[in-house]
Structures are given as C-alpha cells and as structure tokens.
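>>> what's the 3D shape of this:
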Amino acid sequence: MVAANDTIAPIIESVLSGKRLTPADAIKLLESNQLATLGAAADTVSRRLHPEGYRTYNIDRNINYTNICTAVCDFCAFYRSPKSNEGYVLPRSELLEKVRETVELGGNQILMQGGLHPTFTLEWYEELLQDIRKNFPTVNIHGFSPPELHHFTKVNKIPIRTVLERLKEAGLGSIPGGGAEILVDRVRKEITKGKVLSDDWLNVMRVWHQMGGVSSATMMFGHVETLAERVEHLDRVRQLQDETGGFTTFIGWTFQPDNTQLSHIAPAGAFEYLKNLAVSRLFLDNVPNIQSSWVTQGLKIGQLALGYGANDMGSLMLEENVVAEAGTVHFLTLDQIRSAIEEYGFEARQRDVFYQLVDPELEQRAIVANRLKNSEKPSPALVELVVP
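Numbers count the residues shown, from 1 in each chain. Here you go, the predicted structure:
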C-alpha cells in the first residue's frame, strides 16, 4: 500500500488540472490508502461536471423474465440450468402487471434482463417488447444485457446489428451494462463458462451506439481480478466512449459472495468500494454520470458515495432479484433516497434513463404514490393527492 502522502499528490494535481488519468497512474491511486484525498478529488471533478444544485435518482423495476441460463457463472446465485426444476419463465400477464405497478408508482422505465435461454427465438423477444409497448407506450424498456444480445446472435444465427435493429423496431429503448463484470478475458474465463468475452461485450455496445442508442456501463469488482485488471476494464470503457459517446452512466459495485461458488472470497468493504468509485470518476472523464450502488452498500455508504464522485443515487428499484439471491437485502423507500440526497446538501430530482429531469408535477405524484404504497394506513389527504 502507498504510505507517503506526497506519492499520489502529483497524480491528483495533474487530473484536477484537466489532464487525462493514465492507466499506470490509476493503478497507483487504487494501491493508495488515501481515501479522503481520492474522495475530495473525485468530488471536485463531479461538481465541475455537475455544478447544478441537485442530484438525481430514477424509479424503475428490475424484471427478470427468466432465470434459465446456459452460462455457468461462479459469481451468480440467481441462474438455474435448463434442466433445473427451479427454472422459470414469467407468464406474460404477470410481467405486464409488474410494468403496470411500476407506472402507478411513478416509474418511467423497466430494466428487463434474464438468463441465456437455450431455445427462445428472436421472435419471442420481439413479441415481448411489442406487448409491453402496446400496453405501456410511454415506458422506456432498458433491456437485454450484452451477454443476452450476443446469445441471441448464436441462437438465431444472425449478426448483432440485425438483432439490435429488430429489437429496436419492436420497442427496445436502451441497453443496460449488465454482464460486464471485469472486461478482461483472463478474469471472465476464470469465473464463467459459456458467456460472452470482452471484445464481443464491447462490440454489442459499439453497434448499438452506432445506431444512435444509449446504454450504461458497469463493473463488478472484488473477486478474482487484480487492480491492474480493474483499470484495464475502465480503460476499455473509456476507449469505447471516446469512439461512440453512447454511455450515459457508469455503475460499479462490489461482488456479493454469499450463495455463490465463490463464497470463500471475503467481500470487499465500504473502503474499497468508495476508493474504486473515486478512481472511476477520475478515470472516466468522458462518461457524464456515475451512480451510487446503495443496493450493495446500504443507505449510509450509498449516500456517502455522493461525496466520492457519484452524482446519481441510481434507481428506487421496486424489484431486484439477482443481487438479492446472493444475500444482499438493502432496500430503500423513495423518501429514504430523497432524504439521503437532501441531507448531503442537494435538491433531489427524479430523472429518466436519458438523464432528463421528470416534470415536477409527475415527480410529486410519484412521491405521494410511493408513500401510499409504504403506508399501512394511508391518510385521506394522501389519497386525494395521488388519485385524480
């Protein structure tokens, strides 16, 4: 670990003067134990990029339409093999009901992901998107991670551009950055089998961006990767963003080992999370937004992330199954998310997936609707506010 206080000072000074952080220097920052210094630098950069007096959040729902998956990921407690009697595919009526409830609670998006199903054709996914769009035309479908989309090319024997064009026509609005883990093939081959490797993950995003689409980028760290491999991941994201500009946000979170084949790995703590967050903000100078991962870190560290480079509290997440299967049970109400932002000195504002602010009247209605949902005995005044 770096001990001398002046070891990283020239690097921090260089970054704050506007120079791009090099991979070699990013490794030195991750090796450092000077968390407060890194946090202050990341906060300075975040405030330069986002001088506005608010910080944002989103309301959406993670809908996992199936847990059946042909890949074998040692880090995943959610998936079931095609032969498992615990596999499921959500009935279409149940899936649409989940979307309806999301809309009623002020959500403007669903995040829809599943396993790599061995037999579903692209037509099945097109019909799914069409059904959602027909019933909820204003809801953005943030769906199908790069591993799923790459899998569709294999099952259907068609190129990725054709897959994306057809899904976009059917209603796909944006792509989540799931399945990135660490974009280094050594790591990917060690912790997963039958899943897309780094170049193809990035190429799914490249083609989508070339089509005018936007997406998020993610990182799951704290397992078998080295610090240099974390930086290589960040560098590959930054290089693609230089090329396409299609990433709206970056979300990093710590690996949750419980109930997985990697349960022997000690979980990374808040110190490591905040350090990685700060370095991500300093390194990804071309990605406009950084999300807090309160889902894995809990309320207080999720809030503290706003001082370590994050400008967004992420989603209310009305439903989350994948991380929960690994034993992480952090769930917050909308009021808790808003209070966390306000306690940090910012105005709390709801946004959509494109980081556009939601109309204040709709935002207020969402606040009331969520209070009603969380209230055992809702007051008549609350009911009047939310029911037109």
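>>> Could you give the average pLDDT over the helix or strand hosting residue 219?
Using DSSP states H and E, residue 219 sits within strand 215-221. Average pLDDT, strand 215-221: 97.
>>> Which other helices and strands does it contact?
Secondary-structure packing of strand 215-221 (3 or more C-beta pairs under 8 Å, 6 or more residues apart in numbering; DSSP states H and E): helix 198-210, helix 227-244, strand 247-254, helix 270-283. Where C-beta positions appear, they are placed from N, C-alpha and C, glycine not excepted.
>>> quick one: which of those is nearest residue 264?
strand 247-254 (15.7 Å; C-beta to C-beta).
>>> partners of the spatially most central residue of the chain in the sheet?
Nearest to the mean C-alpha position of the chain, by C-alpha atoms, centre = their mean, lies residue 251 at 4.9 Å. Going by DSSP bridges, residue 251 is paired in beta bridges with residue 218, residue 291.
>>> Report the separation between it and residue 224.
20 Å (C-beta to C-beta, to the nearest Å).
>>> re earlier: pretty sure the residue nearest to the centre of the chain contacts residue 180?
No - counting by C-beta atoms under 8 Å, residue 251 sits too far from residue 180 to count as a contact (9.6 Å).
>>> Now for the two: what residues contact both?
Common neighbours of residue 251 and residue 180, using C-beta atoms under 8 Å, 6 or more residues apart in numbering, are 217-219.
>>> buried set for stretch 157-169?
Within stretch 157-169, the residues that qualify as buried are 160, 163-164, 166-168, counting by 16 or more other C-beta atoms under 10 Å.
>>> which residues sit against it?
Under C-beta under 8 Å, 6+ apart, the answer for stretch 157-169 is 122, 125-126, 129, 144, 149-150, 152-153, 156, 172, 203-204, 207-208, 211, 213.
>>> Report the distance from it to the chain centre.
Offset of stretch 157-169 from its chain centre (C-alpha atoms, centre = their mean, to the nearest Å): 23 Å.
>>> per-residue confidence averaged over that stretch?
98.
>>> and if you look at stretch 280-297?
96.
>>> re earlier: just checking, which of the contacts of stretch 157-169 belong to strands?
When the contacts of stretch 157-169 are checked against strands (DSSP state E), the matches are residue 172.
>>> Of the contacts of stretch 157-169, keep whichever come out buried.
For the contacts of stretch 157-169, buried by 16+ other C-beta under 10 Å: 122, 125-126, 129, 144, 149-150, 152-153, 156, 172, 203-204, 207-208, 213.
>>> May I ask you to confirm that residue 87 is in contact with residue 68?
Yes - counting by C-beta under 8 Å, residue 87 touches residue 68, with 4.2 Å between them.
>>> sorry, back to before: tell me which two in the buried residues of stretch 157-169 are the farthest apart.
160 and 168 (12.1 Å).
>>> Leaving out sequence neighbours, find the closest residue to residue 127.
In this structure, residue 127 finds its nearest non-sequential neighbour in residue 170, 7.9 Å apart by C-beta to C-beta, 6 or more residues apart in numbering.
>>> residues touching that neighbour, list them.
Taking C-beta under 8 Å, 6+ apart, one finds 125-127, 129-130, 133 in contact with residue 170.
>>> Include distance to residue 256 and pLDDT when you put these into TSV, please.
What follows is the contacts of residue 170, written out as TSV (distance: C-beta to C-beta, whole Å; pLDDT from 0 to 100):
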residue	distance to residue 256	pLDDT
125	28	95
126	33	98
127	33	97
129	30	97
130	34	98
133	33	97
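>>> Turn those residues into TSV, including distance to residue 109.
Compiled in TSV, the contacts of residue 170 are given as follows (distance: C-beta to C-beta, whole Å):
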residue	distance to residue 109
125	18
126	19
127	20
129	14
130	17
133	13
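>>> Out of the residues you listed, which is nearest to residue 196?
residue 125 (16.7 Å).
>>> OK, contacts around that closest one?
By C-beta under 8 Å, 6+ apart, the residues touching residue 125 are 144, 152, 167, 170.
>>> Quick check: pLDDT value at residue 331.
Predicted confidence (pLDDT) for residue 331: 79.
>>> in the stretch 51-200 of the chain, which spans are strands?
In the stretch 51-200 of the chain, the segments counted as strands under DSSP state E, counting those that start in this stretch are 54-58, 60-64, 72-73, 109-113, 140-143, 172-174, 192-193.
>>> Pick out the shakiest of the ones you listed, pLDDT-wise.
Of all these, strand 72-73 has the smallest average pLDDT, which comes to a mean of 66.
>>> Nearest to residue 91 among the helices and strands packed on strand 215-221 would be which one?
Closest to residue 91 of the helices and strands packed on strand 215-221 is helix 198-210 (C-beta to C-beta; 28.2 Å).
>>> Now do the closest one, average pLDDT.
pLDDT averaged over helix 198-210 gives 98.
>>> outside of that helix, which residues touch it?
So helix 198-210 is in contact with 146-147, 149-150, 160-161, 164, 175, 177, 179-180, 183-185, 188, 196, 215, 217, 236, 240, 243-247, going by C-beta under 8 Å, 6+ apart.
>>> Likewise for stretch 112-120?
Residues outside stretch 112-120 that contact it (C-beta under 8 Å, 6+ apart) are 62-71, 78-80, 82, 89, 141-145, 147-148, 151, 155, 176, 178, 194-195, 322.
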